[in-house]
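1. Just need the structure, nothing else, for what follows:
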Amino acid sequence: MRPTPPLRSLLWIAVAALTLGGCAMAPPQGAATSRLDAVQKAGVLRICTPGDYKPFSFQKPDASYEGIDVDLMAGFTASLSVKPEWVKTTWANLLPDLRAGKCDMAVGGISVSTDRQKVAFFSTAYMVNGKTPIARCADVAKYQTVAQIDKPEVRVIFNPGGSNERFARANFKQAKLTLHGENVTIFDELLANRADVFVTESAEAITQQKLKPGLCAINPDKPLQYGEMAWLLPRDDVAFKAYVDQWLHLSLASGEFQRVMDRWLK
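-> Model prediction:
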């Protein structure tokens, strides 16, 4: 039977964590002007996103974007009285583009990692979203654990440049690994029986099992690896991070944050 775990099993970060995230101190007097001031002066917030990750950020055929982070960014930019300007990037170029100043922040289902933390700031995490396998529904019982997946006869597929690739390469030493360049079409490879398993975040696995009949998320309420989602911010801009964290806290406290999540995950 196709598993249908309750979406409420995706655990949200406690309000207290968001509150603490908003308590960062302002930069000392005489410090460089914050990006917060520059964005308000320009009237535009430039947002990097790969745009290939449902339900967080997905670029439609007309080049517009939709998803959880897109809706949240509408509220966030309104709080600054600025307009969002979307900057298309890839997972491999996400950090380089942010560090090069091509955008003011990055969103779109970004996993928190210590590697990224070395060169950038994260907002306070807004969602727990661990690594979950997705496979053809007939094969769910075969791929319950890392050990069951990591066998020579199993074809594991993954997209480049992000946490999915890092997880696959770190955990699957015997399985046959295939790098697939497009996250949008990776699920079709499973349906066409050209790959067996893709390990991604719980929210994406649940979303794709709805969109792709024949595919099933495997135990999304009990992920293979703990993970959190957050927005990626320029390093050392404490004032900007403090504003982002405080906005997230107030959005969650008001119920608007949950309404956006329910719109996409129910």
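
2. Tell me which residues touch Ser251, please.
-> The contact partners of Ser251, taken as CB atoms under 8 Å, 6 or more residues apart in numbering, are 72, 75, 257. Just so you know, the C-beta spots here come from the backbone N, C-alpha and C atoms, and that holds for glycine as well.

3. go on, Arg46?
-> Arg46 neighbours (CB under 8 Å, 6+ apart): 85, 87, 102-104.

4. I'd like the distance from the strand or helix carrying Gln246 to the chain centre, please.
-> If you go by DSSP states H and E, Gln246 is part of helix 238-254. Taking CA atoms, centre = their mean, to the nearest Å, the mean C-alpha location of helix 238-254 is offset from the chain mean by 18 Å.

5. Could you give the number of residues near Asp262?
-> Counted with other CB atoms under 10 Å, residues neighbouring Asp262 total 12.

6. any idea whether it is helix, strand or coil?
-> helix (DSSP: H, G, I helix; E, B strand; the rest coil).

7. Return the distance of it relative to Pro234.
-> 31 Å (CB to CB, to the nearest Å).

8. Keep only those of the contacts of Arg46 that are in strands.
-> Per DSSP state E, strands hold the following members of the contacts of Arg46: 85, 87.

9. Would you reformat the contacts of Ser251 as a markdown table and include pLDDT and distance to Ser202?
-> Putting these into a markdown table (pLDDT from 0 to 100; distance: CB to CB, whole Å) gives the following:
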| residue | pLDDT | distance to Ser202 |
| --- | --- | --- |
| Leu72 | 98 | 18 |
| Gly75 | 97 | 24 |
| Phe257 | 95 | 18 |
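
10. can you pick the most crowded of the residues you listed?
-> Result: Phe257 is most packed of these (other CB under 10 Å), 24 neighbours.

11. Which helix or strand contains the residue nearest the centre of the chain?
-> By CA atoms, centre = their mean, the chain has its centre lying nearest to Gly109, at 1.3 Å. Taking DSSP H and E as the criterion, Gly109 maps to strand 105-111.

12. Which of the contacts of Ser251 sits closest to Ala175?
-> Within the contacts of Ser251, the smallest distance to Ala175 is 35.5 Å, found for Leu72 (CB to CB).

13. How many neighbouring residues does Ala205 have?
-> Ala205 has 25 nearby residues by other CB under 10 Å.

14. my read: it touches Pro220, true?
-> Yes: using CB atoms under 8 Å, Ala205 makes contact with Pro220 at a distance of 5.5 Å.

15. Between the two, which contacts overlap?
-> By CB under 8 Å, 6+ apart, the residues touching both Ala205 and Pro220 are Thr132.

16. Excluding sequence neighbours, find me the nearest residue to Val156.
-> Setting aside the residues directly before and after it, Val156 is nearest to Ala175 in space (CB to CB, 6 or more residues apart in numbering), at 4.6 Å.

17. From Asp37, how far off is the residue nearest to the centre of the chain?
-> Gly109 is 28 Å from Asp37, by CB to CB.
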